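A.B. asks: Here is the input, now give the coordinates:
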Amino acid sequence: MTTTTLAVLVPLLPFLGAAAGLLLGRTAPGFVRPLAVLPTLASLVPAVLVAARQGGGTAIDAATELTPTGSVPIELALHIDGFAALVAVLVGVVATCVQIYSTGYLRHDPRYPSYAALVSLFTSAMLLVVYSGDLIVLLVGWEVMGICSYFLVGHYWETPEARAASIKAFLVTKLGDVPFLIGLFALGTDAGSFRITRVLGTVASGGLHHPTLVALLLLAGVAGKSAQFPLHTWLPDAMAGPTPVSALIHAATMVAAGVYFIARLLPVFEASSAAMVVLAVMAAVTMAGSALAALAQDDIKRVLAYSTIGQLGYMTGALAVGDRGAAVFHLLSHGAFKALLFLAAGVIIHAAGTNSLAAMSRMKDLRARVPDAYWTMTVALLSLAAIPPFAGFFSKESVLGAAERVATGHTEHAPGAAGWIVLVTGLVTALLTAAYATRLWLLAFRGHGPEAPDHGKQPLTMNAVLWVLCVPSLAFGLAYGVLPGWFDGGSLTPALTTSVLGTGLALVGGLVTYGAWRHTTALAARVPLGAVAAHPEADAGLVEAEAIASHTPVYGDVAYAPDPADPGRLLLGPLHRHAAVGFHLDAVYDALFVRPVRAGASLVRFLDREVVETYVHGAGALPRLLGAAVRRAQTGNVQTYVSALLAGTVLLAVAALLVATGV
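C.D. replies: Numbering: from 1, shown residues only. So this is what the prediction gives:
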């Protein structure tokens, strides 16, 4: 079988699985789980074979024109280089793990068939984005992911939180997609083709007429899809969806698409120094702001959501300094440990039985209950905090090393200002990341919340997946010596300066947080917090659905009972209440956009009802009056009709006589 045929099968198999799942989900429930797992697992096999055959060598290109357009052609094209080959393997691994995990997590969910089919479709769309060599075909996968996220985030549609989160995710990402689409059209017009290779050739020859404008338009779409400032606000709220969906979105699909898009078209952005500086500033604000917000969250999934935003900021920071190898290295590493973190959080949700999604203030020493989640999550958190020798250390240090080389003038891929912005903010964020990772570990596994009811052991499929993902979270970073051959050949070896600074700051952040936790634990009087009782046989998905329905804590102004032993409150001080609500960015957007739009809609409704309809009713009133007058004249009395006829005849005769005599 040719490599091209294998590559076509990679996105096709999950798509066929999704179609079969939607068609047979209700009529043949026994086929639901095989149709969820097997097509995704089967697509992983050709993805691995394609990666092995591509081997980091010459890119695989194939294309066929879909239909004559009369202008810029649209082609069903493949462009598989080292970046695409490895990212496709990541998508396949994470999606397979999520599908296997979901068979246990949502085993009693009545809507599991549609859920599993949508996850397969989500996977297929991301794989289409990864392999596509044509920007319009890439856009199809890009938009299909958007609609899949809408349905999956709103899976528990009975709850207002899930409905609001799905609508918010859809609208915010669409807000970025409008300028993104315009930017794609501009690229295609300048290049005379939507083929990625021809677009890059046009950029190399200086044929891009307005590089800054095009780059900024594309950045708007990337900011929405990859949850970068200022369009990141949808991602924390998207935690209202099932936890396996969160793992898929955060680790391998949706948010990874924007970073991957910039990596694939990086020369377009490098053509404008202004765009690179804007990208660096966007990454810096995203990194620092999300890390502070993560340090103030009580819900474990929202901590991880803000963590994803910050780690994506590292990736866009690497792209801002022109090193897409470091960006994709961190994308691959992050995909492994963030999927592990979310799936472990799902196990914790089941074990804790909290009234919120997973309020850490309500957890009590869960180590004994969830030993698999405890050990694997510890590995993932160490990787997140970039502690050597875990995977996150090597990938994050590759980003900081790239920024340091640009800042000190050792490379000219990007402006020196972009290098300094990414380097300084990245080091500060390393400290904050270790702080919130340590806080999460302490509150989840050594917390002093109320004793939650025992819900029994988790299904084997859930725990087995955790150990599978633990392996790359621990060891993938050691591939830093091999990966340059798959990428652009740039070194991914950690630099001494940034390694010492980054690791030192991470250790400081962890130790300070531990000290603050010990201090607050010793002094604080515990606040009694209740826990929801659930049946031991209930699965984690139903526990989570009931937890969302109870909607405590309230996300907005913090309405949950504060935990006086939370080290985040001590570390952030007065900043805590602002960080807990995302620095009020949603309130700002509500004042700037939502309220004016609603006011405009109210004005239009008033004009429609009170002005337009008044004229319409007025235009119909005169004919109605004339009709009423004529109707009254029709009495049905023949004598009246004859009298009126004679009177009219007399009047006409008199008028004619007057005219004839000239009076």
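
A.B. asks: Chain neighbours aside, what residue packs nearest to the residue nearest the centre of the chain?
C.D. replies: The residue at the geometric middle of the chain, judged as the C-alpha nearest the mean C-alpha position with CA atoms, centre = their mean, is Val255 (4.6 Å). Excluding its sequence neighbours, the residue lying closest to Val255 (CB to CB, 6 or more residues apart in numbering) is Ser226, at 4.9 Å. From N, CA and C alone the C-beta is placed, and that goes for glycine too.

A.B. asks: I'd assumed Tyr314 was in contact with the one you found.
C.D. replies: No: with contacts defined as CB atoms under 8 Å, Ser226 does not count as touching Tyr314, sitting 11.7 Å away.

A.B. asks: Those two - which one has more neighbours?
C.D. replies: When Ser226 and Tyr314 are compared on other CB atoms under 10 Å, the one with more neighbours turns out to be Tyr314, at 32 against 28.

A.B. asks: For that one, which non-adjacent residue is closest in space?
C.D. replies: By the measure of CB to CB, 6+ apart, the closest residue to Tyr314 outside its immediate chain neighbours is Val399, 5.0 Å from it.

A.B. asks: ok but that neighbour is inside a helix, no?
C.D. replies: Yes: applying DSSP: H, G, I helix; E, B strand; the rest coil, one finds Val399 inside a helix.

A.B. asks: Am I right that it is in contact with Ala326?
C.D. replies: Yes: contact status for Val399 versus Ala326: in contact at 4.9 Å, counting by CB under 8 Å.

A.B. asks: same question for stretch 505-522, mean pLDDT?
C.D. replies: On average, the pLDDT along stretch 505-522 is 92.

A.B. asks: follow-up on the earlier one: next, work out how far apart the residue nearest to the centre of the chain and His232 are.
C.D. replies: Distance check for Val255 against His232: by CB to CB, to the nearest Å, it reads 9 Å.

A.B. asks: what do you get for Ser333?
C.D. replies: Ser333 is 21 Å from His232, by CB to CB.

A.B. asks: what is in contact with Val399 and Ala326 at once?
C.D. replies: Shared contacts of Val399 and Ala326, defined by CB atoms under 8 Å, 6 or more residues apart in numbering, comprise Ala318.

A.B. asks: which stretches of the stretch 351-500 of the chain have low pLDDT?
C.D. replies: 352-358, 448-456 (pLDDT under 70).

A.B. asks: just checking, the residue nearest to the centre of the chain touches Leu235?
C.D. replies: Yes: between Val255 and Leu235 there is a contact at 7.0 Å, judged by CB under 8 Å.

A.B. asks: neighbours around the residue nearest to Tyr314, how many?
C.D. replies: Taking other CB under 10 Å as the neighbour definition, Val399 ends up with a count of 31.

A.B. asks: ditto for Leu66
C.D. replies: Leu66 has 14 neighbours, counted by other CB under 10 Å.

A.B. asks: Now do the shared contacts for Val255 and Leu235.
C.D. replies: Residues touching both Val255 and Leu235 (CB under 8 Å, 6+ apart) are 227, 308.

A.B. asks: and Val612, how far is that from Ala619?
C.D. replies: Val612 is 11 Å from Ala619, where distance means CB to CB.

A.B. asks: Tell me the pLDDT of the residue nearest to the centre of the chain.
C.D. replies: As summarised for this prediction, Val255 has a pLDDT of 94.

A.B. asks: Would you mind pulling up the elements that the lengthiest helix in the chain packs against?
C.D. replies: For the chain, the longest helix by residue count, based on DSSP state H, is helix 160-191. Here helix 160-191 touches helix 135-153, helix 196-204, helix 211-225, helix 234-237, going by 3 or more CB pairs under 8 Å, 6 or more residues apart in numbering; DSSP states H and E.

A.B. asks: how far off helix 135-153 does the third one point, in degrees?
C.D. replies: For helix 211-225 against helix 135-153, the angle by axes from the mean of the first three to the mean of the last three CA atoms, to 10 degrees is 20 degrees.

A.B. asks: Helix 211-225 - what's its average pLDDT?
C.D. replies: Along helix 211-225, the predicted local confidence has a mean pLDDT of 95.

A.B. asks: okay, it in CSV with CA atoms only?
C.D. replies: Written as CSV, here are the backbone C-alpha positions of helix 211-225 (Å, rounded to 0.1, in the frame of the first residue of the first chain):
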residue,chain,number,x,y,z
PRO,A,211,2.2,40.5,5.0
THR,A,212,1.4,42.4,8.2
LEU,A,213,-2.3,42.6,7.5
VAL,A,214,-2.6,39.0,6.4
ALA,A,215,-0.6,37.8,9.4
LEU,A,216,-2.8,39.7,11.9
LEU,A,217,-6.0,38.5,10.3
LEU,A,218,-4.8,34.9,10.6
LEU,A,219,-3.7,35.5,14.2
ALA,A,220,-7.3,36.4,15.1
GLY,A,221,-8.4,32.9,14.1
VAL,A,222,-5.5,31.3,15.9
ALA,A,223,-6.2,33.3,19.1
GLY,A,224,-9.8,32.0,19.0
LYS,A,225,-9.1,28.4,18.2
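
A.B. asks: tell me how far that helix is from the chain's mean position?
C.D. replies: With CA atoms, centre = their mean, to the nearest Å as the basis, the distance from the averaged C-alpha position of helix 211-225 to the chain average is 16 Å.

A.B. asks: what do you get for the shortest one?
C.D. replies: In terms of CA atoms, centre = their mean, the gap separating the centre of helix 234-237 from the centre of its chain is 8 Å.

A.B. asks: Check the second one too.
C.D. replies: For helix 196-204, the gap between its own C-alpha mean and the chain's C-alpha mean amounts to 28 Å (CA atoms, centre = their mean).

A.B. asks: So which elements touch that helix?
C.D. replies: strand 74-80, helix 135-153, helix 160-191, helix 266-270.

A.B. asks: What mean pLDDT does it get?
C.D. replies: For helix 196-204, mean pLDDT is 94.

A.B. asks: Need the residues that contact that helix.
C.D. replies: Among residues not part of helix 196-204, those counted as contacts by CB under 8 Å, 6+ apart are 61, 77, 79, 132-135, 138, 187-188, 190-193, 208, 211, 264-265, 267-268, 271.

A.B. asks: For that helix, buried residues please.
C.D. replies: Of the residues in helix 196-204, those scored as buried under the neighbour-count criterion (16 or more other CB atoms under 10 Å) are 196-200, 202-203.

A.B. asks: what are the ranges of the helices in the stretch 201-350 of the chain?
C.D. replies: Counting by DSSP state H, counting those that start in this stretch, the stretch 201-350 of the chain has these helices, from start to end: 211-225, 234-237, 243-251, 255-264, 266-270, 273-294, 300-320, 324-352.

A.B. asks: Taking helix 160-191 as reference, get the angle to the third one.
C.D. replies: Here the directions of helix 243-251 and helix 160-191 differ by 30 degrees (the same axes, to 10 degrees).
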